[in-house]
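**Q** need a structure here:
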Amino acid sequence: MRLLSRYALLAGGLLGWGCRSDTTNLVSTLPPPQNLAYQLDPSGTPGQPAGILLVWDDVQSGSLGGYRIYSRGSTTGAYGLRGETSSNTFHDNGVPHLQYYVTAADVNGGESDASNVITVDERLQLPQPASLSSISLNQAIHLQWADNAALSDPARFNWYRLYSLPYDLDHGVCITQPDSIFLEGTTVSDEFLATLLTNGVPRCFGVSAISVEGYESLWSALWHDTPRPDARNVLVSALEVSAAQSGFRFWNDANANGRGDPGELGLVQDGNRTDIDFWVHLRASDSTLWIVPQFAGDSIRLYDSTQAVPDLTSIDFAPASGYTRNMIQAVPGFAYVFQRNENGQYHYAALRVTAVGRRYIIFDWSAQTDPGNPELRVVKNGL
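**A** Numbering: from 1, shown residues only. Sure thing, here's the model as predicted:
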């Protein structure tokens with residue numbers, strides 16, 4: 001396998017190293033270090049960690065002078081002295097060697113027996129995420145992927161790393177040079193919100209799984225998307241997470257209770273305002289997200305309480321009754337219709353929830369500005 005051949009090549013470079021020989025060291029009464037363990041530093045390139053951190057139990061002795069770290073590149077190569085430290089940790093930069101152990105050295109130069117040997121076997125990496133998809137947002141991209149890596153070995157799963165890189169739209173390829181890869185962030189969830197992106201600039205994305213030892217899986221298949229302003233895929237946060245981005249107003253009607261400028265459509269606003277149509281509530285008891293009508297003339301109902309709808313265009317006419325001021329749970333794929341009573345006139349609006357994260361919801365929306373008209377259509381937000 002490729003990994004084995006890499007370690008075999010490393011072994012050749014170690015043959016000239018000085019080998020540890022217990023017969024040349026002074027006798028030490030120090031016990032060997034216990035519980036040597038390690039964690040790799042992911043680099044973004046599977047199979048090529050950026051380094052390794054060794055950790056072991058501190059030897060409790062007044063005669064302790066420090067520790068010596070030994071390593072080798074193959075199971076048949078000779079161990080060489082990798083470094084010395086006064087701490088019970090050691091960080092080795094670059095692609096790590098195959099095996100390591102540690103000894104304790106006393107103040108007179110004596111050396112203890114070896115600790116346990118750790119083996120860096122990258123074949124223990126988790127499987128790559130099986131799929132990756134996205135939702136285009138305004139200056140952001142919501143990404144979601146298959147959680148198979150975490151589910152394959154929950155005890156060894158640590159987190160996911162999400163990367164982005166440029167996309168060449170003319171040639172339909174991702175630009176994969178190392179200096180073009182950007183780490184968007186890490187998460188234990190199977191979703192991630194990449195923000196502060198430039199509208200109209202396409203990006204490629206990939207996700208890898210990291211084990212508790214730091215092994216990085218292969219990336220998922222690359223996926224490209226372009227953030228854009230649109231009446232679809234609007235993101236609103238929970239009020240308990242970001243109050244300033246937790247409210248939504250379908251339409252400003254300057255002639256109705258002074259609610260704003262005419263022609264303004266689809267505004268994400270502070271959830272504490274009283275003139276918004278709804279805000280999003282994060283219920284602490286079960287971490288679910290709920291749509292809460294806010295403006296005094298607003299009420300809400302599920303468009304179809306039995307099933308999801310395939311698209312926003314499936315919501316054609318607003319139901320005549322069944323509206324409530326009570327909050328309703330946000331569920332992906334389900335549609336919600338608002339009846340908005342302003343100055344004694346009804347206006348109707350609708351939204352279809354695209355995704356429900358842990359801190360926000362994403363939805364498509366439509367509104368009817370003609371008073372009393374229950375026919376709902378998709379509208380643009382003026383951009």
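**Q** use CA for all of it now, contacts and neighbours both
**A** Fine.
**Q** And for residue 60, the neighbour number?
**A** When neighbours are counted by other C-alpha atoms under 10 Å, residue 60 registers 10.
**Q** how close does it sit to residue 98?
**A** 28 Å (C-alpha to C-alpha, to the nearest Å).
**Q** Break the protein into its domains for me.
**A** Taking automatic domain parsing as the criterion, the chain consists of the domains 2-124, 132-225, 234-368.
**Q** With residue 376 as the reference, name the closest of these.
**A** Among those, the nearest to residue 376 by C-alpha to C-alpha is domain 234-368 (5.5 Å).
**Q** Check the offset of that closest one from the chain's centre.
**A** 27 Å (C-alpha atoms, centre = their mean, to the nearest Å).
**Q** secondary structure element for residue 71?
**A** In the assignment (DSSP states H and E), residue 71 maps to strand 64-72.
**Q** which other helices and strands contact that strand?
**A** Helices and strands touching strand 64-72, by 3 or more C-alpha pairs under 8 Å, 6 or more residues apart in numbering; DSSP states H and E, are strand 80-85, strand 99-106.
**Q** Pick the most deeply packed of those strands.
**A** Sort the helices and strands packed on strand 64-72 by mean neighbour count, taking mean count of other C-alpha atoms under 10 Å, and strand 99-106 sits at the top with a mean of 25.
**Q** C-terminal to that strand, what's the next element?
**A** Next along the chain from strand 99-106, counting by DSSP H and E, comes strand 118-119.
**Q** After that following strand, which helix or strand is next?
**A** strand 132-137.
**Q** just the CA coordinates of that following strand, formatted as CSV?
**A** Extracted in CSV, the C-alpha atoms of strand 132-137 (Å, rounded to 0.1, in the frame of the first residue of the first chain):
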residue,chain,number,x,y,z
LEU,A,132,-21.9,16.7,0.1
SER,A,133,-24.7,19.1,-0.9
SER,A,134,-25.4,22.8,-0.4
ILE,A,135,-28.0,25.6,-0.4
SER,A,136,-27.1,28.9,-2.0
LEU,A,137,-27.6,31.9,0.3
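**Q** And for the helix or strand that it is followed by, what's in contact with it?
**A** Remark: after strand 132-137, the chain's next helix or strand is strand 140-145, criterion DSSP H and E. Residues outside strand 140-145 that contact it (C-alpha atoms under 8 Å, 6 or more residues apart in numbering) are 129-136, 190-198, 225-227.
**Q** Pairing partners for strand 140-145, with directions?
**A** Using DSSP bridges, the strands paired with strand 140-145 are strand 132-137 (antiparallel), strand 191-194 (antiparallel).
**Q** pLDDT on it, on average?
**A** Averaging pLDDT along strand 140-145 gives 94.
**Q** do stretch 298-317 as well
**A** On average, stretch 298-317 scores 92.
**Q** what comes up buried for stretch 160-179?
**A** With burial defined by 16 or more other C-alpha atoms under 10 Å, the residues of stretch 160-179 counted as buried are 160, 161, 162, 163, 164, 165, 166, 167, 174, 175.
**Q** before we move on, what about stretch 203-219?
**A** 203-211, 213-219.
**Q** just those residues now: which is nearest residue 276?
**A** Nearest member of these to residue 276, counting by C-alpha to C-alpha, is residue 203, at 33.3 Å.
**Q** Could you double-check that the closest one lies in contact with residue 228?
**A** No: Residue 203 sits out of contact with residue 228 when judged by C-alpha atoms under 8 Å, with a separation of 12.0 Å.
**Q** where among the domains of the chain is the average confidence lowest?
**A** What stands lowest among these, in mean pLDDT terms, is domain 2-124, with a mean of 82.
**Q** Distance from the chain centre to that domain, please.
**A** The answer for domain 2-124 is 33 Å, by C-alpha atoms, centre = their mean.
**Q** what do you get for stretch 180-195?
**A** Counting by C-alpha atoms, centre = their mean, stretch 180-195 comes out at 4 Å from the chain centroid.
**Q** Start and end of it, how far apart?
**A** 18 Å.
**Q** which residues sit against it?
**A** Residues contacting stretch 180-195 (C-alpha under 8 Å, 6+ apart): 139-147, 158-166, 357.
**Q** List the contacts of residue 331.
**A** 353, 355, 356.
**Q** Name the member of the residues you listed with the most neighbours.
**A** Counting by other C-alpha under 10 Å, top hit in the contacts of residue 331: residue 353 with 24 neighbours.
**Q** Tell me if I'm right that it and residue 329 touch.
**A** No: using C-alpha under 8 Å, residue 353 makes no contact with residue 329, being 10.5 Å away.
**Q** picking that back up, a markdown table please, covering the helices and strands packed on strand 64-72 and showing distance to residue 33.
**A** A markdown table is the format used below for those (distance: least, C-alpha to C-alpha, whole Å):
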| stretch | distance to residue 33 |
| --- | --- |
| strand 80-85 | 13 |
| strand 99-106 | 6 |
